[in-house]
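1. build me a structure from this.
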Amino acid sequence: MFKHETVVLPEVTTKNISGKRFYLTPEGNKYPSITTVLNGRKAEGLFQWRKRVGNDVANHVMRTAASRGTKVHQMCEDYLNNNFDEDKHKKDFLPYCLFKELSAQLLCKIDMIRSQECGLYSDKYKVAGRVDCIAEYDGVLSIIDFKTSRRERNDDWNENYYIQGSAYAEMFEERTSQPINQVVILVVTEDGTVQEFIKDKTEYLPLLEEAVSIFNLKEQESEKLTA
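-> This is a model prediction of the structure:
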């Protein structure tokens, strides 16, 4: 059984504006999601891949990946909430197999769960988002994200994940005054390989500031063109 030390966080709502996701805070602020802010980073590689394989193949791969990832995320959430329905989840065979590998090898390191699938926002960076899990990982309070992948990931492929996790850490500290420095990315691949990446947020805060600045400049330019 996983222990919980639940932290109450303010509710945020989402709104799509011109194809971009924004969060509305209780104070009435409108902040872009951190994933929206980071989408522009390294977009050229994704564009070239889509151009190479074609839109139909690219769309199929992305839909399949999104569905697989959503199901594994839900299984992780239920498991950590001590509410895992084995019969229900077994029906999604591949996601279930991936979850079993992840739970056997790495989810056992999680405890003292503060929150799962919670909305967060930062008045400092003016961004928001929804984090998978905030808990102790090997005894250290951490931002924890669960990822699925077609194949093993090199560390440098994960830079956006680390920036995103660092943003969540900053958001959580703003909302609760509890500092978090550790970002944990747990990956399971289609062949059942499990990977663990652990980073210190301080390395990625300058990249977060840069990404936010670039996004804001592009938004300002877009507003001028449509004015």
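2. in CSV, could you pull the C-alpha coordinates for the longest strand anywhere in the chain?
-> Determined from DSSP state E, the single longest strand within the chain is strand 110-122. Taking C-alpha atoms only, strand 110-122 is exported to CSV below (Å, rounded to 0.1, in the frame of the first residue of the first chain):
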residue,chain,number,x,y,z
ILE,A,110,7.6,5.9,-4.8
ASP,A,111,6.1,6.8,-1.5
MET,A,112,4.5,9.6,0.6
ILE,A,113,2.5,10.8,-2.4
ARG,A,114,1.5,14.5,-2.2
SER,A,115,-0.6,14.7,-5.4
GLN,A,116,-1.4,13.1,-8.7
GLU,A,117,-2.6,14.6,-11.9
CYS,A,118,-2.8,18.0,-10.3
GLY,A,119,-2.9,21.4,-12.0
LEU,A,120,-0.2,23.8,-11.1
TYR,A,121,0.8,27.3,-12.2
SER,A,122,3.6,29.8,-11.7
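3. for the helix or strand containing residue 196, packing partners?
-> For residue 196, the enclosing helix or strand under DSSP states H and E is strand 194-200. With contacts taken as 3 or more CB pairs under 8 Å, 6 or more residues apart in numbering; DSSP states H and E, strand 194-200 sits against helix 93-105, helix 159-176, strand 182-189. Where you see a C-beta, it was placed from the backbone N, CA and C, and this is true even at glycine.
4. count the neighbours of residue 77 for me.
-> Residues near residue 77, counting by other CB atoms under 10 Å, number 16.
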